[in-house]
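S.K.: generate a structure from the sequence data that follows.
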Amino acid sequence: MVYPAPSHAYFGKGGAFDLPSMTDKGNRLVHLRLDAPAAYLAALLLLTAAVPVLAQESSPPAAMEAQPHADAAGTPEPVSPQTDTADPAAASTDQSAASPDAAAPAAGADQTPSAPSTAEAAPASQQEYPHHHALSLVGEPAYPAGFPHFNWVNPDAPKGGTLRGYAQGSFDSLNPFSVKGDSAGGLGLVYDSLMAGSPDEPSTEYGLIAEWVSYPPDFSSVTFGINPKARFQDGTPITPEDVIFSFEGQKAAHPRSAFYYKNVVKAEKTGDNQVTFTFDVKGNRELPQIVGQLSILPKAFWEGVGPNGEKRDITKSTLEIPVGSGAYRVKSFDAGRSITFERVKDYWAKDLPVAKGQWNFDEFKLTYFLDRTPAFEEFKSGKIDYWPESSASQWATAYDFPAARNGQVKKEAIPVRRVAPMQAFVFNQRRSQFQDPRVRRAFGLAFNFEEANRKLFYDSYVRVGSYFDNSELASKGLPQGRELEILNEVKDEVPPEVFTTEWKNPVNKAPEDFRNHLREASQLLKDAGWSLHEVEVDDGSCGTFCSIMRTVGLSSAPKANLLRNAQGQTLDAEFLLESPEFQKIVLPYIQDLQKLGIKASVRVVDGAQYKRREDSRDYDIIVDNFAQSESPGNEQRDFWGSAAAARDGSRNTAGIRNPAVDKLVDKVVFAKDRDELLAATHALDRVLLWNYYVVPQWHYPYERIAYWDIFGRPEKLPSQTSALAQTWWIDAGKKKALDAVRGR
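M.R.: This next block holds a predicted model:
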């Protein structure tokens with residue numbers, strides 16, 4: 001899946017940087033943080049991505065870190081769960097295949113096999129194929145070769161000023177490519193990729209470091225011609241050797257990158273300024289775009305010796321300021337507290353069509369906070385310039401302060417068109433109590449979304465009803481045509497309801513509806529072998545005197561009716577959260593689960609511990625966000641594939657190991673045209689839904705943002721995001737007027 005708009009900045013878990021669009025397929029590999037639901041940042045950063053909507057109540061933004069494209073596909077990487085926070089910025093992920101002139105040709109049946117087949121190694125002296133300036137998986141790119149600039153920028157935007165944002169958490173590394181350490185947000189700004197995505201065109205990429213791209217009709221390889229003007233920030237030219245090192249180094253540095261690029265088996269120099277990547281399969285139309293998202297690093301720097309006299313190692317964390325090729329470089333940092341990026345005045349790509357009118361701020365400063373509350377106070381006082389709001393309740397109630405009342409702070413809900421991410425409570429099926437779909441379905445029946453939406457979210461959110469909601473990719477009605485043919489191939493491996501009933505979330509229009517759903521849930525649990533028993537429970541309030549009284553029989557522990565199975569085990573469910581704000585959503589849900597006899601609880605941990613526990617699969621239930629693009633593909637393997645379930649740190653947080661799902665994912669990956677892709681995606685969506693792997697939450701089709709009135713912006717914004725950091729600028733007149741009012 002290629003994420004819609006790649007911008008180069010990546011933030012991690014909860015930050016307020018709106019840099020690039022992280023909606024593409026996987027949050028541009030290198031730029032997003034491998035572990036975080038990246039929609040938040042992407043959201044602001046483009047607000048593309050994926051923070052679970054806290055109903056969007058979402059967790060505070062954290063600086064986005066580099067993330068392999070799979071999550072990165074992304075993606076991104078990828079978005080933190082929105083709590084009441086606005087919609088998880090859905091990092092949309094799309095990938096496009098080039099067509100005859102500008103986009104990838106819609107491979108016909110005679111060219112592209114519908115099933116994977118081993119590709120032969122491409123010879124060094126390859127046959128010459130048409131050169132394309134852009135790739136698209138959903139038709140022709142909007143801009144022809146030689147276009148002057150995108151229509152969602154102001155090509156004459158003034159440069160200058162500082163943009164101040166925030167991130168939640170901390171950082172201890174400036175290497176966003178390594179699995180080791182917690183890298184700083186925004187580091188994606190430092191690196192350019194072979195191709196650049198557009199936040200206005202899902203699944204489309206235009207040449208950046210790559211001047212052109214070509215591929216054979218069977219998509220068995222892809223070749224990039226490096227722009228001879230491309231330079232690193234130290235002035236050295238970007239060479240084929242740098243591209244090859246970047247590919248091999250990133251695969252070695254992070255397992256997610258290795259998985260994302262697993263079908264790319266070789267990178268070789270096939271000309272003075274030319275690199276060819278060979279695939280081990282044919283017919284995968286998005287592989288050329290996946291490779292196009294590769295961030296390019298200077299081989300000489302990473303193979304050299306650092307100031308400490310030791311050889312640098314891309315697989316390790318480091319606080320040495322890196323050399324990149326992007327529009328910004330790291331100017332200064334205070335580890336764990338702040339990082340400042342400065343615009344590269346002689347940026348090699350500043351006059352290219354894909355960069356004109358963008359990256360207009362002279363500096364970006366990202367300040368870290370352990371909690372969202374003090375960060376918001378800094379925004380209110382004018383020390384942070386903009387605020388991506390993820391909480392519906394905050395949006396409704398928190399902006400009644402003087403600067404907002406007098407118009408110095410503006411509030412906008414900017415419409416965004418992208419696939420709504422599946423933000424959900426995710427069961428860890430590696431735990432035995434969640435392996436029965438009847439149990440998982442019972443949990444879904446016990447979640448009263450309508451009550452939460454009314455009481456907590458001001459009826460702002462829309463319930464997610466598909467893994468590809470708000471798009472033509474979502475399954476509807478009953479399967480028919482090609483989709484039915486695909487499903488019949490796995491008929492004996494999927495729930496029978498897939499063929500007979502349209503999947504829908506339970507709806508609680510009245511209190512009686514919810515009572516009926518709880519009764520249905522109770523029966524499902526009983527059918528699954530769980531029965532109620534009165535047991536003593538430790539409420540944690542019994543001190544020394546209380547213990548003595550119980551020991552001598554003068555008092556007893558409280559009792560509760562809990563579900564037990566035939567082995568005497570209770571049905572335990574601990575919700576692991578990173579954001580304290582999400583508790584207001586989870587606690588009422590826990591109370592309803594307890595009515596069924598489920599021993600439910602919640603645990604809130606800091607970002608570092610949450611990441612460790614998520615990566616090592618040490619949880620019962622978490623909130624996750626699966627951002628999708630208009631052209632799903634390889635990232636689906638990381639989301640739902642059996643191989644990913646066995647790999648720590650993958651995006652398969654649910655632990656899905658289902659042969660039918662694996663087969664349907666392959667149908668998506670190797671779809672030969674758009675119609676086949678739609679049919680395969682509908683089938684996959686339907687099977688995922690009927691297996692009840694998650695309890696769907698909500699989405700919000702807007703990007704909520706508040707900002708001090710110091711900005712200018714293009715007349716037209718890209719469709720996928722506000723792109724504040726990417727395309728807005730400081731309006732000198734507005735800033736002077738505001739400074740005068742504030743006595744500066």
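S.K.: wait, is Val222 part of a strand?
M.R.: Yes: judged by DSSP: H, G, I helix; E, B strand; the rest coil, Val222 forms part of a strand.
S.K.: any weak-confidence spans in this structure?
M.R.: 1-126, 537-541, 744 (pLDDT under 70).
S.K.: now do the helices in the stretch 151-300 of the chain.
M.R.: 240-253, 255-260, 287-292, 299-302 (DSSP state H, counting those that start in this stretch).
S.K.: most tightly packed of those helices?
M.R.: Ranked by mean neighbour count, the helices of the stretch 151-300 of the chain are led by helix 287-292 with a mean of 30 (mean count of other C-beta atoms under 10 Å). C-beta here means a position set from N, CA and C on the backbone, and glycine is covered the same way.
S.K.: from the contact counts, what lies against it?
M.R.: For helix 287-292, the contact count by 3 or more C-beta pairs under 8 Å, 6 or more residues apart in numbering; DSSP states H and E identifies strand 134-136, strand 210-214, strand 221-226, strand 264-271 as packing neighbours.
S.K.: in TSV, list those along with mean neighbour count and distance to Leu319.
M.R.: Shown next, in TSV, are the helices and strands packed on helix 287-292 (neighbours: other C-beta atoms under 10 Å; distance: least, C-beta to C-beta, whole Å):
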stretch	mean neighbour count	distance to Leu319
strand 134-136	30	36
strand 210-214	23	31
strand 221-226	25	30
strand 264-271	17	29
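S.K.: export those to a markdown table and tack on distance to Tyr700?
M.R.: Below are the helices and strands packed on helix 287-292 laid out as a markdown table (distance: least, C-beta to C-beta, whole Å):
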| stretch | distance to Tyr700 |
| --- | --- |
| strand 134-136 | 27 |
| strand 210-214 | 35 |
| strand 221-226 | 37 |
| strand 264-271 | 36 |
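S.K.: of all the ones you listed, which one is nearest Asp280?
M.R.: strand 264-271 (4.7 Å; C-beta to C-beta).
S.K.: any idea of the angle that closest one forms with helix 240-253?
M.R.: 170 degrees (axes from the mean of the first three to the mean of the last three C-alpha atoms, to 10 degrees).
S.K.: just checking: what are the partner strands of strand 264-271?
M.R.: strand 274-279 (antiparallel) (DSSP bridges).
S.K.: what's the angle from the strand it pairs with to strand 221-226?
M.R.: Going by the same axes, to 10 degrees, strand 274-279 makes 160 degrees with strand 221-226.
S.K.: hey, C-alpha coordinates of strand 274-279 in PDB?
M.R.: In PDB, the C-alpha atoms belonging to strand 274-279 read as follows (Å, rounded to 0.1, in the frame of the first residue of the first chain):
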ATOM      1  CA  GLN A 274      21.200   3.800 -12.600                       C
ATOM      2  CA  VAL A 275      20.200   1.200 -10.100                       C
ATOM      3  CA  THR A 276      18.000  -1.900 -10.700                       C
ATOM      4  CA  PHE A 277      16.100  -3.800  -8.000                       C
ATOM      5  CA  THR A 278      15.100  -7.400  -8.800                       C
ATOM      6  CA  PHE A 279      12.000  -9.100  -7.300                       C
END
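S.K.: off-centre distance for it?
M.R.: Centroid displacement of strand 274-279 relative to its chain, using C-alpha atoms, centre = their mean, to the nearest Å, is 27 Å.
S.K.: with stretch 517-528 instead?
M.R.: The answer for stretch 517-528 is 34 Å, by C-alpha atoms, centre = their mean.
S.K.: so Val535 lies in a strand, does it not?
M.R.: Yes: membership of Val535 in a strand is supported by three-state DSSP.
S.K.: now it: how far from Thr544?
M.R.: 24 Å (C-beta to C-beta, to the nearest Å).
S.K.: also Leu576?
M.R.: The value you get for Leu576 to Thr544, if C-beta to C-beta is used, is 31 Å.
S.K.: comparing the two, which residue is more hemmed in?
M.R.: Higher neighbour count among Leu576 and Thr544: Leu576, with 19 against 7, using other C-beta atoms under 10 Å.
S.K.: now do the phi/psi pair for that one.
M.R.: Main-chain dihedrals, Leu576, degrees, to the nearest 10: phi -90, psi 120.
S.K.: repeat for the one 4 residues further on
M.R.: For Pro580, the backbone dihedrals are phi -60, psi -30 (criterion: degrees, to the nearest 10).
S.K.: and it, how many neighbours?
M.R.: Neighbour tally, Pro580, other C-beta under 10 Å: 15.
S.K.: contact partners for it?
M.R.: The neighbourhood of Pro580, defined by C-beta atoms under 8 Å, 6 or more residues apart in numbering, consists of Asp371, Val604.
S.K.: same question for the one 3 residues further on.
M.R.: By C-beta under 8 Å, 6+ apart, Gln583 lies in contact with Leu577, Val602, Val604.
S.K.: neighbour-wise, which one of those residues leads?
M.R.: That'd be Leu577 among these, by other C-beta under 10 Å, with 23 neighbours.
S.K.: how many residues are close by Gly309?
M.R.: So Gly309, with other C-beta under 10 Å, has 6 neighbours.
S.K.: returning to that earlier point: for Ala671, state which of the contacts of Gln583 is nearest.
M.R.: Leu577 (36.9 Å).
S.K.: which residue comes closest to that closest one once chain neighbours are left out?
M.R.: The shortest distance from Leu577 to any non-neighbouring residue, by C-beta to C-beta, 6 or more residues apart in numbering, is to Val604 (4.8 Å).
S.K.: and the residue lying closest to Glu205 once chain neighbours are set aside, how far from Val138?
M.R.: Of all residues not flanking Glu205 in the chain, Met195 sits nearest, at 3.9 Å (C-beta to C-beta, 6+ apart). Distance, Met195 to Val138, using C-beta to C-beta: 16 Å.
S.K.: looking at these two, which has the bigger crowd around it?
M.R.: Met195 (26 against 20).
S.K.: can you map out the helices along the stretch 501-650 of the chain?
M.R.: According to DSSP H, counting those that start in this stretch, the helices that the stretch 501-650 of the chain contains are 511-527, 544-551, 583-595, 607-615, 635-640, 642-645.
S.K.: immediately after the last one, which helix or strand?
M.R.: To tie it back to what came earlier, the one meant is helix 642-645. Following helix 642-645 in sequence order, the next helix or strand is helix 659-669 (DSSP states H and E).
S.K.: please name every helix or strand in contact with that next one.
M.R.: Using 3+ C-beta pairs under 8 Å, 6+ apart: helix 659-669 touches helix 635-640, helix 642-645, helix 674-690.
S.K.: would you mind finding the most buried of those helices?
M.R.: Comparing these by mean neighbour count (mean count of other C-beta under 10 Å), helix 635-640 ranks first with a mean of 30.
S.K.: so which elements touch that one?
M.R.: helix 255-260, helix 642-645, helix 659-669, helix 674-690.
S.K.: the inter-axis angle of the last one versus helix 659-669?
M.R.: Read that as helix 674-690. 150 degrees.
S.K.: which of the residues in the helix or strand following helix 674-690 are buried?
M.R.: Later in the chain than helix 674-690, the nearest helix or strand by DSSP H and E is strand 694-696. For strand 694-696, the neighbour count (16 or more other C-beta atoms under 10 Å) marks Val694, Val695, Pro696 as buried.
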